[in-house]
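>>> Got a predicted structure plus its sequence, pasted below:
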Amino acid sequence: MGKIVVGVDGSDTASKAAARAAALAFALGHELIVVSAFSSTDRLQVGRPGDELDLSASDAALKMAEQAIEDLPADLAGLTATARSEFGKPADVLVSVAEELGASIIVVGNKRVQGVTRVLGSIAADVAHHAPCDILIAHTH
């Protein structure tokens, strides 16, 4: 079974990229790997006031990836999806996970940013320069 890797960070852009990656994985019969990167070893308070959880950055990132899977469209029943959290910069993490798993596609969003990378976004540009596989840049805005 092929694998498609997508990164999430809780943003609307990442959610749209995850939905596109999920639809593609479903159509191709591939497994979806939803990855959330973290760069701190600090503990974080997450959740609503009065209902907060004290989690490691790794656990918080994993919860973000799991939530992204839960938020995928219901019409993708049968899709195999796995959540992961990985330490590092988002682009480096996506490339590393894709290499580790032999992924066939990495999906990234095209979040608008200023400067040289404004066409793709800095993460998409970094992934495009180092990816070991095909890349789908999802239109997310």
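It's in. Numbers count the residues shown, from 1 in each chain.
>>> what is the mean pLDDT for stretch 26-46?
For stretch 26-46, mean pLDDT is 83.
>>> May I see the buried residues of it?
With burial defined by 16 or more other C-beta atoms under 10 Å, the residues of stretch 26-46 counted as buried are 26, 30-38, 44. Backbone N, C-alpha and C define where each C-beta goes, glycine included.
>>> just checking, residue 10 touches residue 64?
Yes. If you go by C-beta atoms under 8 Å, residue 10 and residue 64 touch, sitting 5.4 Å apart.
>>> When the two are compared, which one has more neighbours?
Set side by side, residue 10 and residue 64 show more neighbours around residue 64, with 21 against 15, by other C-beta atoms under 10 Å.
>>> which residues are in contact with the top helix by length along the chain?
The longest helix of the chain (DSSP state H) is helix 12-28. Contact partners of helix 12-28, identified using C-beta atoms under 8 Å, 6 or more residues apart in numbering, comprise 2, 4-8, 30-32, 34, 68-69, 71-73, 76, 78-81, 105, 107-111, 136, 138, 140-141.
>>> ditto for stretch 125-132
By C-beta under 8 Å, 6+ apart, the residues outside stretch 125-132 that reach it are 89, 91-92, 94-95, 98-99, 103, 106, 108, 117, 120, 135, 137.
>>> what about burial for those residues, which qualify?
Buried residues within those, defined by neighbour count using 16+ other C-beta under 10 Å: 91-92, 94-95, 98, 103, 106, 108, 120, 135, 137.
>>> picking up where we left off before, could the buried residues of stretch 26-46 be laid out in CSV, adding distance to residue 125?
As requested, the buried residues of stretch 26-46 are exported to CSV (distance: C-beta to C-beta, whole Å):
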residue, distance to residue 125
26, 27
30, 24
31, 26
32, 23
33, 21
34, 21
35, 18
36, 20
37, 16
38, 21
44, 28
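>>> for these, which one is nearest residue 57?
Nearest to residue 57 among the buried residues of stretch 26-46 is residue 38, at 4.2 Å by C-beta to C-beta.
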